[in-house]
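Trainee: A predicted structure for the sequence below; I have some questions about it.
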Amino acid sequence: MGHLNCCQALSLAALGTLLAQTPSASQRGKEQPVRIGYLPITDAAPLLVAHARKMFEAEGLTAEQPRLFRAWPNLVEAFVARQVNMVHILMPTAILLRYGNRFPAKVVAWNHTNGSAITVQPQIRSLQQLGGQQVAIPFYYSIHNVILQELLRREGLQPVLRPQGKRLRENEVGLVVMPPPEMVSALANRSIAGYIVAEPFNAAAETNRVGRVLRLSGDVWRDHACCVVLMHEDDLQQRPDWTQAVVNAVVKAQQWIRQNRIETARLLSREAGKYTPHPQAVLLRVLVQYDPVFYQHEGAIRHKAWRVPRIDFQPYPFPSYTALLVRLLQRTQVEGNRDFLRTLKPEQVARDLVDDRFVRKAITAVGGTSVFGLPKQLSRTEAFEP
């Protein structure tokens, strides 16, 4: 089957074809290796660090070299075809998979918090200046599309999907889907006015002096997730010990990253040569060299009291986040049939899409919620304030 076009929603027919050709978990045997699929963004860091530091092996598992993909639809296709069995994925895409395409997948943990930004051409100082221009997003079903559209509407700007060839009005902003690795060059050659995406592509634009950060995503939605750990539901049901070991490794990797940010940048860097094409200097800018005072002065941070890091790592998938995301997604423009979104009940999705049994045990095993600065009761109130 050919790759899905990065600008189109995943079709039920395409997924059905893949499902018909895919063996079940029981057919695949009990001791399958961990097969990771990822995009070269810092959201994937826990999966990659767990592999690099042999944390899967420490849990009695075997792990293959992670597979790098350039665009989200290609990663999703590989997951559906079971070429990979654990991925970090955009949380709205997980919603699309389970409810729009009825694919049996479950979120088992978060990968990170924050870690995305709106980056624009250097002369742009406000969202209003994006009127009449094009902005890139990584996928329609992304936290990036949700946050950007909320920000634009509050400024009186109208998002326009697939604007190629259209003459945009001053109050319209064209949204174009673009693989993250292509965004920096597109900004540099001025084919787009900006983009919203995960790190380190925002830091790369800053380092190369082709763009500036207009707003940090964590300053819009406090300590939100962008990517989550997604697994096949039958693995959770038929191989719970294997699943628990996988989640244990991811949680231990997040704990390690929090204490070893410089070494994390080195492990993931181009210089190390194993996981991403990003220079270590760019990764350090994201993970270590974060100056909130500078971003407050630039207007990228408006909620100083939140004290949010540029990116952080904790694994617990708060139900309140999932419920609010469903509500926001229901008023976000996306391409394709969106009828299924209207039928979703936010609290029910939070209970059904996410299985937190494994991550709760893993958090307890590493010392409890305080290790990640989480509330003891694992509940919170969402702060979404554009």
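Mentor: Nice, thanks for sending it over. Numbering: from 1, shown residues only.

Trainee: Kindly provide the distance from Phe372 to Tyr275.
Mentor: Distance, Phe372 to Tyr275, using Cβ to Cβ, to the nearest Å: 23 Å. For the C-beta atoms, the positions are set from N, CA and C on the backbone; glycine is no exception.

Trainee: next one: Gln133
Mentor: Following Cβ to Cβ, the distance that separates Gln133 from Tyr275 is 34 Å.

Trainee: ditto for Ala300
Mentor: The spacing between Ala300 and Tyr275, counted by Cβ to Cβ, is 27 Å.

Trainee: picking up where we left off before, looking at Gln133 and Tyr275, which is more packed in?
Mentor: With other Cβ atoms under 10 Å as the criterion, Gln133 and Tyr275 differ in neighbour count, and Tyr275 comes out ahead with 22 against 19.

Trainee: helix, strand or coil for that one?
Mentor: When classified by DSSP: H, G, I helix; E, B strand; the rest coil, Tyr275 comes out as coil.

Trainee: can you check Ala350 too?
Mentor: Secondary structure, three-state DSSP: Ala350 is helix.

Trainee: Can you give me the end-to-end span of stretch 329-340?
Mentor: Between the opening and closing residues of stretch 329-340 lies a distance of 11 Å (Cα to Cα, to the nearest Å).

Trainee: roughly how far out does it sit from the chain middle?
Mentor: Taking Cα atoms, centre = their mean, to the nearest Å, one finds stretch 329-340 lying 19 Å from the centre of the chain it belongs to.

Trainee: Kindly report the same for stretch 171-187.
Mentor: Average the C-alpha atoms of stretch 171-187, do the same for its chain, and the two points are 17 Å apart (Cα atoms, centre = their mean).

Trainee: Buried ones in that stretch, by neighbour count?
Mentor: Residues of stretch 171-187 classed as buried: 172-184, 186-187 (neighbour count, 16 or more other Cβ atoms under 10 Å).

Trainee: which stretches of the stretch 151-300 of the chain aren't confidently modelled?
Mentor: For the stretch 151-300 of the chain, no stretch is flagged by pLDDT under 70.

Trainee: so how far is Thr119 from Leu47?
Mentor: Distance, Leu47 to Thr119, by Cβ to Cβ: 24 Å.

Trainee: One more: Ile143?
Mentor: Remark: distance between Ile143 and Thr119 (Cβ to Cβ) = 15 Å.

Trainee: With Gln158 instead?
Mentor: Distance, Gln158 to Thr119, by Cβ to Cβ: 21 Å.

Trainee: before we move on, what about Leu97?
Mentor: 28 Å.

Trainee: Between these two, point out the one with more neighbours.
Mentor: Thr119 (29 against 22).

Trainee: what's near enough to touch the residue nearest to Tyr290 when sequence neighbours are not counted?
Mentor: In this structure, Tyr290 finds its nearest non-sequential neighbour in Arg310, 4.3 Å apart by Cβ to Cβ, 6 or more residues apart in numbering. Residues in contact with Arg310 (Cβ atoms under 8 Å, 6 or more residues apart in numbering) are 114-115, 199, 216, 218, 286-287, 290.

Trainee: pretty sure Leu284 belongs to a helix, no?
Mentor: Yes. In this structure, Leu284 lies within a helix as judged by three-state DSSP.

Trainee: Run through the residues that contact it.
Mentor: Counting by Cβ under 8 Å, 6+ apart, Leu284 makes contact with 262, 265.

Trainee: if I look at it, how far off is Arg310?
Mentor: Counting by Cβ to Cβ, the gap from Leu284 to Arg310 is 11 Å.

Trainee: give me every residue that touches the closest residue to Arg307 other than its chain neighbours.
Mentor: By the measure of Cβ to Cβ, 6+ apart, the closest residue to Arg307 outside its immediate chain neighbours is Pro292, 7.6 Å from it. Listed by Cβ under 8 Å, 6+ apart, the contact partners of Pro292 are 301, 304, 307.

Trainee: want to try TSV for those, with pLDDT, secondary structure and neighbour count as columns?
Mentor: What follows is those, written out as TSV (pLDDT from 0 to 100; DSSP: H, G, I helix; E, B strand; the rest coil; neighbours: other Cβ atoms under 10 Å):
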residue	pLDDT	secondary structure	neighbour count
Ile301	98	coil	21
Lys304	96	helix	12
Arg307	96	coil	9
